[in-house]
Each structure stands twice: as structure tokens, then as C-alpha cells.
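> I'd like to go over a predicted model; first the sequence, then the structure.
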Amino acid sequence: MEPSAAVSPRLHECALYRPLPKGWVQCTACHHWCGVAPGEAGKCGVRRNYGGRLYLVTYGKAAAVHVDPVEKKPLYHFLPGEPILSLGTVGCNLFCKFCQNWQISQFREFRVNPETGEPDRWIGEDWPPERVVEAAEQVGARLIAYTYNEPVVWVEYAHDIAKLATERGMRNVFVSSGFETKQAWNYVEPYLHAVNLDLKGFSEAFYREITGARLKPVLENIEYLGSEKWGKVWVEVTTLLIPGHNDSPEEIRGIARFLAGVNKNIPWHLSAAHPDYQMLDIPYTPHEKLIEAYEIGKEEGLNFVYLGNVRDLERSTTYCPSCGAPLIARDGYRVHELWEERGVCPKCGARIPGVWA
């Protein structure tokens with residue numbers, strides 16, 4: 001169907017969708033596979049149908065831009081100590097009740113005038129791809145992270161930044177829920193260098209009730225990136241342990257066993273939760289629970305397990321899986337490298353999986 005003449009040229013047409021009868025479209029970016037009626041948006045709130053075409057109404061609109069250490073993503077085996085320019089937009093395809101960035105990720109209730117391209121309320125500042133890459137260059141960052149909200153809902157914007165960044169010699173990182181389609185991964189992969197995927201729990205009930213998504217597509221994406229794409233895109237996984245919801249020993253062991261079955265060299269980050277958004281009644285994750293989960297991960301054969309959102313120097317250190325020698329010590333986001341040659345154990349000479357240069 002031809003687009004309406006009233007659609008503003010300021011609106012950016014999505015690459016990932018297909019037309020349906022009667023002016024409807026289907027978004028193909030994530031596993032909600034939203035069918036979107038004319039004038040309406042998908043579950044994310046930012047991919048909207050005008051004139052039988054799908055538009056990303058947050059293209060070029062960043063709601064948050066910061067320079068972080070790469071360890072904050074978290075990535076522990078990808079260029080340690082590097083600064084990374086991080087940005088996000090409004091909207092998300094998940095509805096996590098514990099979201100720590102809910103002010104932007106859960107912001108969906110706005111309308112965009114298709115004639116002018118203007119939203120009816122503030123959704124971000126103008127950050128076209130050129131400005132993002134130039135900002136990274138100005139602060140001396142050779143990494144860019146697409147984070148704070150789910151990047152697949154603004155994948156066309158992320159794609160264009162990443163393409164330009166790659167052409168300038170930079171590398172790109174997705175911090176993601178792992179709910180993307182294969183079409184989305186294939187679209188961005190030529191310009192993608194690392195991913196941190198959330199594995200938020202290990203039951204369909206948890207995903208359905210707490211996140212508004214499903215577990216199976218996330219597991220399939222971890223298998224896809226952790227095996228088929230291993231070596232092309234560096235992968236790490238994070239699980240936020242929420243007391244009383246996803247922290248039983250059985251569930252933790254299930255996650256660890258699954259990850260080890262995919263690739264025992266995938267780093268697994270176990271993060272402490274705190275009360276936030278719609279889960280203000282939960283306690284902080286006890287340090288003892290994190291240690292228990294760490295030990296389970298090691299028992300199940302994972303070579304690299306780390307604790308996050310707590311101060312634990314021992315369990316934030318990277319050790320050689322062959323001889324146990326400490327290789328990278330961390331205190332928060334401060335990094336102390338203990339090897340002479342990055343990626344090589346100084347004691348036994350083993351090669352350590354990761355991207356070190």
C-alpha cells in the first residue's frame with residue numbers, strides 16, 4: 001500500500017516489517033510479531049503504522065546518553081577498561097516489573113503527528129547517527145552501546161549508528177533482552193561486535209507474569225549467538241536474581257546447565273536486585289544467595305561466572321579455567337590486568353576466550 005501523502009518525511013520507515021491486508025502491517029523485529037492497525041503502535045509504543053507502512057517514531061531521538069565503562073554493560077571479556085558511549089530511547093517490547101530504567105523503557109503513552117513528525121510530548125533530544133558517532137570520537141570512546149531500553153525496538157536507528165561507527169573504526173554492543181527475531185540479528189549483525197543478553201529467569205510463568213514476554217525465544221537466541229554466531233559476535237549473559245521469584249537453586253541450576261550446554265565459555269553475570277518500579281516490596285538480593293548461585297554455575301561447568309551489583313573482589317575476578325591463575329582483578333568498575341599479554345594466561349599459556357584487542 002502506498003504511504004499517505006500526509007506522512008511527514010521526518011518519520012523514518014522501518015526496515016523490519018511486512019504489509020498485511022486492509023492497511024495493517026506486521027512488525028518482524030521481535031517475537032511479539034505485532035500486527036499493527038493503521039494509526040496504532042506495536043507493544044513497544046514506538047513502531048507505528050501510518051498509511052500502511054511502519055515507522056520508527058523515535059529515530060534520531062535519544063532519551064539517555066552517557067559515557068560508561070564497558071564493565072557496566074556488563075562485559076568482562078570485551079576490551080577491559082574501555083569507555084563506551086551508551087545511549088537509549090523511550091519504549092520497550094518487554095514490561096518487566098523490576099525494570100531499573102522504567103522511566104524511559106516503559107514510556108509508551110504518546111502520539112506522533114504523522115503530518116509534522118512531532119510527538120505530543122518530549123521523547124528525547126535530537127541525536128542523529130552522525131552526532132552519536134562524533135560524540136564518541138570527541139570523548140575518546142571507540143565503543144558504542146545500545147542500551148537502557150531494548151535496542152531492537154529502535155533497531156533501524158541503532159543499525160544506522162552502528163554502520164557509521166564501524167566505518168569509523170568503532171565497535172558496537174547491544175545490551176538486550178534477547179527477544180529479537182533472526183531477521184533483526186541478521187539485519188544488524190554486520191555492524192555488531194558484542195552482545196550482553198538477559199536471561200531473566202528459567203520458567204515460562206516467570207517470563208509471562210513478570211516480563212510480558214516468553215522464555216523460549218530467549219533460549220533460542222542464546223543458542224544461536226552462543227554457538228552458530230560464536231566468534232563473529234562476542235556474547236555474555238546476565239541474570240538478575242530476584243528474591244522469591246527466580247532464585248531457587250533448581251532454577252539457578254537450570255540456567256547454568258543450559259548455558260554450559262550451549263557454550264561453557266559464555267561469561268555469566270549474576271546481579272543483585274533491588275526494589276524498583278512495580279516490585280518495591282522485594283528485598284535486596286542477599287550476598288549469600290549470589291555466592292550460592294556462583295558456586296552452582298561453577299559446578300555446572302561454566303568457566304566464567306561473575307557477581308554484579310555487589311562488592312565481591314574474589315568473584316569479580318577472571319581466572320584461567322586451565323590453571324586457576326587470576327588474570328583480571330576488578331573492584332567495581334576499576335580493572336587491574338594481571339597478565340603480560342592480553343588473552344594469554346601468564347602461568348600456563350592458555351588462551352582465554354574474549355575480545356582483547
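The structure has been received and is ready for your questions. All of these numbers come straight from a predicted model, not from anything done at the bench.
> What's the separation between K216 and Y50?
With distances taken as C-beta to C-beta, to the nearest Å, K216 is found 32 Å from Y50. Where C-beta positions appear, they are placed from N, C-alpha and C, glycine not excepted.
> Quick one: mean pLDDT for stretch 87-97?
Here stretch 87-97 scores 98 as its mean pLDDT.
> where's that stretch relative to the chain centroid, distance-wise?
How far stretch 87-97 lies from its chain's middle: 11 Å, per C-alpha atoms, centre = their mean, to the nearest Å.
> That one: end-to-end distance?
End-to-end distance for stretch 87-97: 22 Å, by C-alpha to C-alpha, to the nearest Å.
> The stretch 151-300 of the chain: strands as residue ranges?
171-176, 194-198, 234-241, 268-272 (DSSP state E, counting those that start in this stretch).
> of all those, which lies closest to S248?
strand 234-241 (10.1 Å; C-beta to C-beta).
> Go ahead and name everything in contact with the closest one.
Here strand 234-241 makes contact (C-beta atoms under 8 Å, 6 or more residues apart in numbering) with 74-78, 98, 193-201, 222, 225-226, 229, 246-247, 252, 255, 259, 263, 266-273, 285, 289-290, 293, 308, 354-355.
> hang on, the earlier thing: neighbour count winner among K216 and Y50?
Y50 (23 against 11; other C-beta atoms under 10 Å).
> Tally up the residues packed near the closest residue to that one other than its chain neighbours, please.
In space, and not counting its chain neighbours, Y50 is closest to P114: 4.4 Å by C-beta to C-beta, 6 or more residues apart in numbering. Look at P114: counted by other C-beta under 10 Å, it has 21 neighbours.
> where does this structure dip in pLDDT?
Residues of the chain meeting the criterion pLDDT under 70: 1-5.
> Let me see the domain layout of it.
Following automatic domain parsing, the chain resolves into domains at 12-56, 61-337.
> Give the buried residues for stretch 343-354.
For stretch 343-354, burial by neighbour count (16 or more other C-beta atoms under 10 Å) applies to 344-345, 350, 352-354.
> With stretch 305-321 instead?
The neighbour-count check on stretch 305-321 (16+ other C-beta under 10 Å) flags 305-310, 312, 315-321 as buried.
> what about it, start to end distance?
Per C-alpha to C-alpha, stretch 305-321 runs 11 Å from first to last residue.
> Need the residues that contact that stretch.
74, 76-77, 238, 267-274, 285, 287, 290-291, 294, 297-298, 303-304, 325-332, 345, 347-348, 350, 352.
> Can you flag the buried ones in those?
74, 76-77, 238, 267-274, 285, 290-291, 294, 297-298, 303-304, 327-328, 330, 345, 350, 352.
> list the contacts for the residue nearest to V46 when sequence neighbours are not counted?
Among residues not flanking V46 along the chain, G91 sits closest, at 3.7 Å (C-beta to C-beta, 6+ apart). Contacts for G91 (C-beta under 8 Å, 6+ apart) come out as 44-46, 58, 105, 107-108, 149, 153-154.
> Which helix or strand contains G91?
G91 is part of no helix or strand, with elements assigned from DSSP states H and E.
> roughly how far apart are it and N221?
On the measure of C-beta to C-beta, G91 and N221 end up 20 Å apart.
> Same question for Y55.
In terms of C-beta to C-beta, Y55 sits 26 Å off from N221.
> now the helices for this structure?
102-105, 129-138, 155-167, 182-188, 204-206, 215-223, 249-262, 287-299 (DSSP state H).
> What are the buried residues along the shortest one?
What it means is helix 204-206. Neighbour-count burial for helix 204-206 flags F206 (criterion: 16+ other C-beta under 10 Å).
> Point out the other helices and strands that it packs with.
helix 215-223 (3 or more C-beta pairs under 8 Å, 6 or more residues apart in numbering; DSSP states H and E).
> How far off centre is the helix it packs on?
Using C-alpha atoms, centre = their mean, the offset of helix 215-223 from its chain centre is 14 Å.
> in it, what's buried?
215, 217-219, 221-223.
> From the contact counts, what lies against it?
When contacts are defined as 3+ C-beta pairs under 8 Å, 6+ apart, helix 215-223 sits against strand 194-198, helix 204-206, helix 249-262.
> Out of the ones you listed, flag the one nearest I144.
Using C-beta to C-beta, the nearest of the helices and strands packed on helix 215-223 to I144 is strand 194-198, at 10.8 Å.
> Now do that closest one against strand 171-176, angle only.
Interaxial angle of strand 194-198 relative to strand 171-176 (axes from the mean of the first three to the mean of the last three C-alpha atoms, to 10 degrees): 10 degrees.
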